[in-house]
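*Asks:* Make a model of this:
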Amino acid sequence: MKKIRVLIVDDHTLVRDGIRALLELVADIEVVGEATNGKEAIEKVEQLVPDVVLMDLAMPIMGGLEATRRIRKQFPETKVLALTQYDDSDYVIPVIEAGARGFVTKMAAFSELASAIQAVYGGDSYLSPSAAAVLVQEYQQKTTVEGDKDPYQQLTDREREVLKLVVEGHTARQIADMLVISPKTVEWYKTSLMNKLNIRNKTDLIKFAIRKGIIAT
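*Replies:* Numbering: from 1, shown residues only. This next block holds a predicted model:
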């Protein structure tokens, strides 16, 4: 029986050790390696050619979101399954759009994690119930925000944070440090919020922020 080759990516040793110990109990799964950040994960994917990467999102050096994008582009045969403690729209939607085939929270039962690995390896997608609920809620919000409704209401809480910091004059690096995300993730949120607001340049973004009272004149 061919085993599913899995790479575990998490910056916490205890988490990696715990996941490895549990996965070793599954007959058709083999842990072939570990990585402590996104940069190391990309290197390990190239070296070990895993079938599935269990990807944490919040990590130093390179976060899981950027690593997922790069793995998807450079190694399309390798499936990424996000495994994180966060399950709100600020995390679920970006990582799915980055190319992850599934999303499981660290609060899930071990049997769910094993099933998720097997599902994405087999070509299916997998979302934990909480992540699926987030996507349904996001869809419902988008379908109800139409016509003359305030486009500002379309923004997620994180997009509003980024908007405020951008119009206050902070750089992407500064915002990334303040929000503990990568600069590229900041740029993703900036692009997303500007698309939702139908704004194409920073000058108009500042004017919008003044009208909304986000910043003072």
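
*Asks:* lowest-confidence helix or strand of this structure?
*Replies:* helix 129-144 (a mean of 68; mean pLDDT, DSSP states H and E).

*Asks:* Which residue ranges of the protein form strands?
*Replies:* 4-9, 29-35, 52-55, 79-84, 102-105, 126-127 (DSSP state E).

*Asks:* ok, the fourth one: who's next to it in the sheet?
*Replies:* Here strand 79-84 has these sheet partners by DSSP bridges: strand 52-55 (parallel), strand 102-105 (parallel).

*Asks:* Leu205: what's it in contact with?
*Replies:* Residues near Leu205 by CB atoms under 8 Å, 6 or more residues apart in numbering: Leu163, Val166, Val167, Met194, Leu197, Ile199. All C-beta spots, glycine's among them, are computed from the backbone N, C-alpha and C.

*Asks:* surely the fourth one meets Arg200?
*Replies:* Yes. The pair Met194 and Arg200 qualifies as a contact (CB atoms under 8 Å) at a distance of 6.9 Å.

*Asks:* Of the two, which one has the most company?
*Replies:* Met194 (19 against 10; other CB atoms under 10 Å).

*Asks:* what's near enough to touch the more buried one?
*Replies:* Met194 is in contact with Arg200, Leu205, counting by CB under 8 Å, 6+ apart.

*Asks:* And the pLDDT for the most centrally placed residue in the chain?
*Replies:* Geometric centre of the chain, nearest residue: Val95, 3.0 Å, by CA atoms, centre = their mean. The confidence metric pLDDT takes the value 86 at Val95.

*Asks:* tell me which residues form a beta bridge with the residue nearest to it when sequence neighbours are not counted?
*Replies:* Leaving aside its sequence neighbours, Val95 sits nearest to Ala82 (CB to CB, 6 or more residues apart in numbering; 4.7 Å). When assigned by DSSP bridges, Ala82 has beta-bridge partners Met55, Phe103.
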